[in-house]
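Novice: Task: produce atomic coordinates for the following.
(chains A and B)
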Amino acid sequence: MDFAFTEEQRAFREELRTWLRQNLPDSWKQTGGARVEETAGHEYRREWERKLYEAGYAAMHWPKEYGGQGLTVYHSLIVSEELGRAGAPEPFNTSGLETAGPLLMANGSDEQKRALLPRIPAVQDIWCQGFTEPEAGSDLAAVRTSARRQGDGWLVNGRKIWTSHAREADWCILLARSDPEAKTARAMTVFAVPMSTKGVTVRPLAQLNGKTDFNEVLFEDVIIPGESNIGPVNDGWRVATLSVARERALIRLYRQALFQNEFEHIYRVAMATQRRGRSLSDDSHFRQQAADIYAMLRIFRAQNLRVISRVDAGETIGSEASFLRLLWTEMRQKIGHLGLEVLGSEAAFDGAETPGNGRFQNTYFVSRADTIFAGTSQIQRNIIAERVLGLPR
Amino acid sequence: MDHSLTQEEQLVADTAARLFADNFSTERLRAFIADPARFPPDAAALGESGLLGVAAPYAADGADMGAVGAMQIAVAAGNRLVPYPVSDCMIAAALLGEARPDLAREVIAGRCQVVFPADSTSALRSNGGKLYGPIDNLPWGLSAQWTIVEAEIDGAAAHVLVSLEAAGVSRTARKSIDPGCPAAGVVFDGVAVSHDDVLGAAEPKWRRLRLIMASAEMLGASRAALDLAVDYMKVRKQFGQEIGKFQALKHLAADAAVWVENVRVATEHAAWAHDAGDHEATMYATIAKGYASDYARRVVEHSLQAHGAIGFTWEYDLHLYLRRVLRLSASSGTANDHRESIAAMLDGILSEAEA
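Specialist: Numbers count the residues shown, from 1 in each chain, chains lettered A, B, ... in the order given. Below is the predicted model:
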């Protein structure tokens, strides 16, 4: 058993740390850009991601021919960790890097790979993910959006929802029911659809935290070319679920360092906050809660190192991903609560004038979504109970 | 980086699991609980296996495999509720290896037991070459021959080897919450300490190792309790179906499985950091013991809940696992104690970062 990084990996980390010190604006450091995000928004994040790519810090383990660096998953982990640690902007093109990319690599035709893949790390194409529907949330197999053969092409009709970055996206990775006669519930196909296609409409959805990161996407008599499918026709369920599992396990690792950054920000504010005649960080209830979270943060990191070394050894990450998901989402909600506690009476306000510049309120709100998106905590528990513990369905 | 066990580590884990399964059933444990004098734990097979020397140096016929090796055995011991001070003897054999290889070999062979006080011995005083003061809780204190305590010798904290049969030592039985581990209260009233008994400075790494072994035992015991619960849920029927089909119970079990996995990874990582001399080794060991003390107990509590009333009976084995976890979580610092230590370390880390 060995959790040590190699000499080369440690040197790479140092080099990246130096680059970040020189290139990340001061306003982002340690505060996660709570102030910047409100003014600069998506354009800034897109710009930042391009800058990372140009410096050679994007898609570290992707092959060079697809715009990656041709290095190892450890390099990806190190980049994720250092970005999170520095409080850098959250990755913008996540659907491209986490979903479309790996899906194309595993299932795409040579032509699709050549044409589409290199544009993802380069931030030339932003992708959005069209899986979830109003009636197909946790129950993804209930997808209703249809794709029917029409002449040489496909005719797509349906409605997708909770689609992040659909307004900025150039492409949509679409899951649609492709065989209306099929007896099996999973006769679907995955398609790559340009968002500029006639009949595609995006409607922003205002979220509970006041932001509009996600959208509703309508497909009304949308005609796409016959060779738009990624992977075999009617095999979309496998394509959509299996090939993204590994990449998800990898890319989401940036969260550990980002959460630790959030937590340390809260702890430092607590050190500077006087409550009942002493520093809040001297309060034993605060200390117990904080230490519980910190333990989970470090256990989460150790879990990540295990995942990475397993992926590197060629093992597949299956249902165990649910263990990590439940660990970090519960932990993030505890961070959300701790932030509110540190704010105290200031938590009655939702502005940048409060300690943490509004970051803690946002962490709290977003942490409530963490246990919902991409499979709720209840779905994760079902997966563990049935597929890991072998309990009857 | 390779998370998996080396062939040698895997061999140790398999050997321990097999040995304990063959020699330490809960029936035997119950016979021991009913009459410890008539049914003492049979240490012959354990001694022959050499497992207790896993962390001891080669010089004492040990395997020098560190905390990662030792934790495999502690997990298996916790899993089978072995009524023997397995962790203490592994640590003692390692600690004695350099200064007293003769005694280390005896410990490894299962011919004598060397045990550690459950908590800090800061109440002990040394005066004129003699030790005075109480040890509130010495697990296996009645049957063991030796203990290793921390005491101030010539102005520095040192490990001191004390014979429990020496003049000036009095031992009283105390009722342990874990009947598979009888405890004693001990008082030293002028116990002579010779030069040979002073084993060297009480380095923090030994306390760290004890935290890691306690976490590993809790991991084994809580895993066994969860396994019992899952097996039960697959066969017990109510309302015409297996209770394992009920989502409320599935979620209890799933949460427990997550916690077991977290305890496992926390302990493995702490063991690795300990062996590697990582600069955060103390933080990791504190996290492992603090987390395990809280969450391993919750795992057993969920397992108990999933069983319904049968789990609350003395006849059913579940309480034996609960009791082992309760004892270990109350020893060497509680969850709250360790969380306070983590916060104290965080104070240091975060005020430094600011400067």
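
Novice: which ones are touching residue 216?
Specialist: Using chain A. Going by C-beta atoms under 8 Å, 6 or more residues apart in numbering or on different chains, A:Glu216 touches A:159-161, A:163, A:202-203, A:205. From N, CA and C alone the C-beta is placed, and that goes for glycine too.

Novice: other chain: chain B
Specialist: B:70-71, B:74-75, B:78, B:87, B:267, B:271.

Novice: let's go with 10 Å and repeat that
Specialist: B:67, B:70-79, B:87, B:263-264, B:267-268, B:270-271, B:288, B:292, B:328 (C-beta atoms under 10 Å, 6 or more residues apart in numbering or on different chains).

Novice: Let's see which of the contacts of A:Glu216 end up in strands.
Specialist: Under the assignment DSSP state E, the contacts of A:Glu216 contribute A:159-161, A:163, A:202-203, A:205 to strands.

Novice: For ChimeraX, write a command that selects the buried ones of these.
Specialist: Entered in ChimeraX, the line below selects the buried ones among those, by 16 or more other C-beta atoms under 10 Å in any protein chain shown:
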select /A:159,160,161,163,202
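
Novice: Mind putting the ones in strands among the contacts of A:Glu216 into a markdown table with pLDDT and distance to A:Gly314?
Specialist: Below are the ones in strands among the contacts of A:Glu216 laid out as a markdown table (pLDDT from 0 to 100; distance: C-beta to C-beta, whole Å):
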| residue | pLDDT | distance to A:Gly314 |
| --- | --- | --- |
| A:Arg159 | 97 | 39 |
| A:Lys160 | 96 | 34 |
| A:Ile161 | 94 | 36 |
| A:Thr163 | 91 | 33 |
| A:Val202 | 97 | 39 |
| A:Arg203 | 96 | 43 |
| A:Leu205 | 92 | 40 |
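
Novice: What is the nearest of the ones in strands among the contacts of A:Glu216 to chain B?
Specialist: Distance to chain B, by C-beta to the nearest C-beta, is smallest for A:Ile161 among these, at 25.4 Å.

Novice: Now the helix or strand B:Asp14 falls within: average pLDDT?
Specialist: Using DSSP states H and E, the element containing B:Asp14 is helix B:7-23. Average pLDDT, helix B:7-23: 96.

Novice: can you list contacts of it?
Specialist: A:1, B:4-6, B:41-46, B:48-51, B:54, B:63, B:65-66, B:68-82, B:84, B:86, B:220.

Novice: in the stretch 151-300 of chain A, which segments are predicted with low confidence?
Specialist: Low-confidence segments of the stretch 151-300 of chain A, defined by pLDDT under 70: A:185, A:243-252, A:254.

Novice: Near residue 232, how many other residues are there?
Specialist: All of this is about chain A. 12 (other C-beta atoms under 10 Å in any protein chain shown).

Novice: that answer is for a different chain, and I need it for chain B
Specialist: 20.

Novice: so it touches B:Gln305, yeah?
Specialist: No - with contact defined as C-beta atoms under 10 Å, B:Tyr232 does not reach B:Gln305; the gap is 11.5 Å.

Novice: joint contacts of the two?
Specialist: Shared contacts of B:Tyr232 and B:Gln305, counting by C-beta under 10 Å, 6+ apart, come down to B:Gly311.

Novice: show me what contacts the closest residue to B:Tyr316 other than its chain neighbours?
Specialist: In space, and not counting its chain neighbours, B:Tyr316 is closest to B:Ile310: 5.4 Å by C-beta to C-beta, 6 or more residues apart in numbering or on different chains. Shown in contact with B:Ile310 (C-beta under 10 Å, 6+ apart): B:232, B:236, B:304, B:316, B:318.

Novice: Adding distance to A:Pro180, secondary structure and pLDDT, write the residues you listed out as TSV.
Specialist: What follows is those, written out as TSV (distance: C-beta to C-beta, whole Å; DSSP: H, G, I helix; E, B strand; the rest coil; pLDDT from 0 to 100):
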residue	distance to A:Pro180	secondary structure	pLDDT
B:Tyr232	45	helix	98
B:Arg236	44	coil	97
B:Leu304	51	helix	98
B:Tyr316	55	coil	96
B:Leu318	53	helix	97
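
Novice: Any quick PyMOL command for the buried ones out of the residues you listed?
Specialist: With 16+ other C-beta under 10 Å as the criterion, this PyMOL line picks the buried residues out of these:
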select buried, chain B and resi 232+236+304+318
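
Novice: The contacts of B:Ile310 into JSON lines, with extra columns for distance to A:Arg148?
Specialist: Shown next, in JSON lines, are the contacts of B:Ile310 (distance: C-beta to C-beta, whole Å):
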{"residue": "B:Tyr232", "distance to A:Arg148": "51"}
{"residue": "B:Arg236", "distance to A:Arg148": "49"}
{"residue": "B:Leu304", "distance to A:Arg148": "55"}
{"residue": "B:Tyr316", "distance to A:Arg148": "60"}
{"residue": "B:Leu318", "distance to A:Arg148": "58"}
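
Novice: so B:Ile212 makes contact with B:Ile73?
Specialist: No - using C-beta under 10 Å, B:Ile212 makes no contact with B:Ile73, being 12.0 Å away.

Novice: I appreciate the help and will end here.
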